[in-house]
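J.: Next input, structure requested:
(3 chains)
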Amino acid sequence: MSDASALPVEVSAPRPAARRAGYWLVAVGGLMLAVMLIVTAFGPFIAPYNPAAISPDSLAGVSAQHWLGTDSIGRDVLSRLIIGGRTTLFITAVAVSLALAAGLVLGLVSGYMGGIVDQVVMRALDVVFAFPVFLLAIAVVAALGPTIPNLILTIAIVYTPILARVVRGPVLSVKRWDHVEAARSVGVSEFRLVVSHILPLVISPILVETSLTLANTIFTVTALSFLGLGPPPPDPNWGGMLAEARQFMELAPLTVIAPAAAIVFATLTFIVLANGLRDMLDVGGQR
Amino acid sequence: MRRLVIIRLALAVPILLGVSIAAFILVRLLPGDFAQTAAGVTDVSAATLDLMRHNLGLDRPIWAQYLLWLGHALSGDLGTSFATRRPVTSEIFPRLAVTFELTLIAALMAMAMGVATGLASARLRGRADWAVRLWNGFILAIPNFVVATLIVLLAGLYFPQIGIFNYTPFFTAPIANIGSLLLPALSLALAVSVTVSENTRAAVLEIAAQDFVMVARAKGLRPRSVLWNYLVRNALTPVITVTGLRVASLLGGSILIETIFAIPGMGQYLFDSITSRDYPVIQAIVLVTAAIVVLVNVLVDIAYIRADARVEM
Amino acid sequence: MPTNPKADPTSETFIAESAWRLSRRSMLSLAAAGGAFAISPHAFAAGGADPKAKRGGTLSIGADADPIGLDPKTTTAYSSYDFTSLLYTGLLRWTPDMQIEPDLATGYTTPDDTTYIFKLRQGVKFHNGQPFSAEDVKYTFDRVLNSATASRLAATFAGIESVTVIDPVTVQFKLKTSDAAFLRYMATNPDGVIVPKGVDGLDTKPVGTGPFKFVSYQPNQQFVLTANTEYYEEGLPTLKTVVFKFFKDQSALASALRSKAIDMTWFKNPKVAALIARTSHDLVSAPGQTSRTFPVWMNMKAAPMNDVRIRQALSLATDRKACLQTVLGGSGKVGAMIPESQVGGYDGVSPMPFYNHDPAAAKALLAKAGHPNGIDLGDYIVVAANDLDVACSQILQQQWATAGIKVKLKPMETAPLLDMWVKGKWPTLLSVALSWSPDPDAILQRVASNAVFGKNMGMHDAELDKMIADARAQLEPTKRAAENIAIQQRIAENAYVLQIYQYPLRWEAWWDYVHGYHPLAANIRSYVRTTWVDK
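T.: Numbers count the residues shown, from 1 in each chain, chains lettered A, B, ... in the order given. Okay, here's the model as predicted:
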């Protein structure tokens, strides 16, 4: 339906200043990502408490024992934040990988084959695209249970059409380029043609879009958890922490601010990366 | 051009049909139904529940239920809500209006903020440009429900006297109604303003380099009036298109904001009707939102085609 | 709370006594006291209004759920009762301390244990102007018992053999057996309320005899009621308008109350309510009587839950007081099958078998049952939408783990959970809290092996079934209370259901400019009729 991304990718002359800025942004984003990955990877060793351990000391403020205080049933907010990040980022990463894989296949096939195949694939994706995300999420959770794999599945389904379109657009224009035509004329197999001649040319916009999708997915994961459709307790997650803390937020503002800050940090990381990559790889401003 | 539009609109029919079938089957596959959910933990005998199901037509085969629904839907009758026992159409439109109003206010806010920052960034360049980019990157990183939660928190901590949850229907008090929607709209507007800002900046830069602006300048028009007369007017067209696009996504995405601020719009309605398994309502909401998404996409396509045509000319 | 035998609602003298007691407490200033009431059918018509009351005005109530249907006889939704309780009235009603008093009736006689003859008020009109008479009473119950109506109350009133109109102001109920629950159901709104004969469409256009008339309803927004100027209690209702505003979200509800967008509301979470009450000094907060229990239902049809030792081990591994402290902030009591506000309800402190927290003993029991290294009980299903339930389940998970009992938490959407629960299809453990019910028998039916639910859960205890049936037939309240205590002890002894704590289902709070209101454990707001506002 929306062929916005089917517009030719803007290929402009290199802009050195923008590129330099791009490197900087990628460096900053990379650093933020590294911090996040290290904290999540070593989470269980860093976290001062068991994130599920309940204590009678509920809604406590900042103290030497609890750097970010405790929540409504006395659990350490810092520990929950660290361990909750693992869940949130894991779901995000796996869901986006799945959506990317599915989007790549569908987008490449659809864009390269064109014609009826293209129409069928894109219209089918339109149906998914026009379907309310939350109905889908609730349906999956209600039918299959609120487990992490189900959540990943839902989010992957939601983002597949978007990524498929991102892939398909550049493929449509690139496949008519001279060297692709040349390779086709010397009898390179269709599969190799797509993988080794078309894919490399469309990788930059995909990289940028994936980075943005990661940011959007963090939003979706935390939003679904916020609405109570997230991974089940006792494992913490950022969206769920935010939702739980709302009832008592005037008494313990930190229980709201801490997960909110974590969500913003993670989203910001991927936005900085996407912006940096866009400048660095000189992908047109088209979004 | 006209043919293309007709084809696009014709294609919308199978898409909507597909969405409605998918929704129909999906909600009926979900465990639990309205009769049981309405009863809750109240002890209602199985026989009574079955009778209620029969009265709601839930004991018929699913294809018969769908055909019946489709027949009614084609004649403009979306059925009766299980919960309120009133026609769905008369229930859905007031809520759609609320969500639409919220979205509209958010769009206007986003336009104002986005155009201001975009213009500043394009006209002043240098530090201002970077400041705007930094600001945009930052507010884009705050999900709207986080903004909303933080607004509620701040209001609760420092301004408990302002009633942030005091939603007032438009027809009882229009001013209070708009007032009650300002903060929710703000939480939706922030992220959208980034898109508007970026597009304004790009459009202004692009148009400033174009011939007619150069000509106007050469004719000796004052830079300020060149900016307003030519630049802004020409640059605004793509900006409005983009805003329109984002607004369509807002219509579906306001569920969290409506929940947090207790606004009786479509988002909350969908959530409630799924929870209570009010099938006719779910079906109607899915159809209406899908139609909006499809329509907006067609409009965007047309806009792009026209833009392309202009380029070729 | 053991019921005061003097207030026993089974003899005519009860009415006089309760009237006297109430007037002394000035909860309702009744003109007629002593024995006058039973003779004069207008005795009650004179009472009700507070002479100091400021008349007129609007009361805004924050509601957390929309009604689902306004026909009191066909709605099954708890959320509807809040509205039916202002629109309709029945022959009897509850007083603030949960005694029964006459309402549309002026009194009744019981010639034998299975016959009730009600004298009705005269001159009462429905909201549509139709006069109320014995015909409407008969019509109401005939309608309920007609299976085509699909009323949940058909089961509630299945014990009625016949309803006979003796004259326009006298109606006779003949029961199949003696039934202690009958009057309690009759006093409950909407179970016992009267609907007008020959009026259809009550679901969207309610017509009752209640103190307020329906004006308008915008779903998710507001529900507006106006004073019934022809209401039969002199000087009531005091208010002119009542507006319910809907806030699904508990924190939104709290903020709305704090900003005075609403004048009163009730909270599901006692901790939230207690905190608000503590921070706003002009707020009147009424925790109310405990009316809700949080149980863990065990599927006893198969191993391992069919082994009583494992169930007992689970009970011993549970530290109920810790749950109460952490989840409810202490605003509640340790629970048993029947909440304290009921006849023979558990007081939260008396000894109950297997209620002591003893993980070592639990381990020993598990070992005896063949699980010396602990046991994995699989999924423990809870209502995802209920914060309290989810919080408590996490605490239970940790407590049980220390005794070697492992469970995996599975919060679930309400619809599939109810489906599973009602049909007895949950794997091992499931929690869904029980709300207030008019009579303890309704709660006990859950563990009766001759009832559908008990059967689905895998109950086999003929002795318990007999005890439950006997208690319902017991018309003497003190004896009934003692029998109910014994039943609860038997349930705890065999750990058929693992009850954790009890608490007020709805903790009410209102600003101090709201006067004349009384919360009811019955979880309805009948006393909005005597409420007045002085802002």
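J.: so what does the helix or strand containing residue A:104 touch, helix or strand wise?
T.: Using DSSP states H and E, the element containing residue A:104 is helix A:77-113. Helix A:77-113 makes packing contacts with helix A:16-41, helix A:43-46, helix A:115-130, helix A:148-174, helix A:199-226, helix A:238-245, helix A:253-281 when contacts are defined by 3 or more CB pairs under 8 Å, 6 or more residues apart in numbering or on different chains; DSSP states H and E. Quick note: C-beta positions are derived from backbone N, CA and C, even for glycine.
J.: For that helix, which residues meet the burial criterion?
T.: A:77-92, A:94-96, A:98-100, A:102-104, A:106-113 (16 or more other CB atoms under 10 Å in any protein chain shown).
J.: for stretch C:54-65, same thing?
T.: Of all the residues in stretch C:54-65, those buried under the rule 16+ other CB under 10 Å are C:57, C:59-64.
J.: Dump the C-alpha coordinates for it into CSV.
T.: Extracted in CSV, the C-alpha atoms of stretch C:54-65 (Å, rounded to 0.1, in the frame of the first residue of the first chain):
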residue,chain,number,x,y,z
LYS,C,54,-28.6,20.4,53.2
ARG,C,55,-30.9,19.6,50.4
GLY,C,56,-30.1,19.4,46.7
GLY,C,57,-26.7,19.5,45.2
THR,C,58,-24.7,17.0,43.2
LEU,C,59,-22.6,14.1,44.4
SER,C,60,-19.8,12.9,42.0
ILE,C,61,-18.8,9.3,42.5
GLY,C,62,-15.7,7.8,41.0
ALA,C,63,-16.5,4.4,39.6
ASP,C,64,-13.9,1.9,38.4
ALA,C,65,-16.2,-0.1,36.1
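J.: what stretches of chain A score poorly on pLDDT?
T.: A:1-15, A:283-287 (pLDDT under 70).
J.: rewinding a little: nearest to chain B among the buried residues of stretch C:54-65?
T.: residue C:62 (9.1 Å; CB to the nearest CB).
J.: Then that closest one would be within a strand, right?
T.: Yes. Applying DSSP: H, G, I helix; E, B strand; the rest coil, one finds residue C:62 inside a strand.
J.: my guess is it contacts residue C:248, does it?
T.: No. Counting by CB atoms under 8 Å, residue C:62 does not reach residue C:248; the two are 10.7 Å apart.
J.: what about stretch C:493-512, near chain B?
T.: No. Shown here: stretch C:493-512 not in contact with chain B (CB under 8 Å from any CB of the partner chain), separated by at least 10.9 Å.
J.: again with stretch A:172-188
T.: No. Residues of stretch A:172-188 contacting chain B under CB under 8 Å from any CB: none, with a closest distance of 12.9 Å.
J.: Just the buried positions in that stretch, please.
T.: Neighbour-count burial for stretch A:172-188 flags A:172-175, A:180, A:183 (criterion: 16+ other CB under 10 Å).
J.: Check stretch B:6-21 too.
T.: So for stretch B:6-21, counting by 16+ other CB under 10 Å, buried means B:8, B:11-12, B:15-16, B:18-20.
J.: For chain C, what lies in contact range of chain A?
T.: So chain C meets chain A at C:250-251, C:254, C:269, C:271-272, C:275, C:279, C:325-327, C:329, C:384-385, C:387, C:390-391, C:393-395, C:397-398, C:409-413, C:415-416 (CB under 8 Å from any CB).
J.: Drop anything exposed from those residues.
T.: For these, buried by 16+ other CB under 10 Å: C:250-251, C:254, C:269, C:271-272, C:275, C:325-327, C:329, C:384, C:387, C:390-391, C:393-395, C:397, C:409-413, C:415-416.
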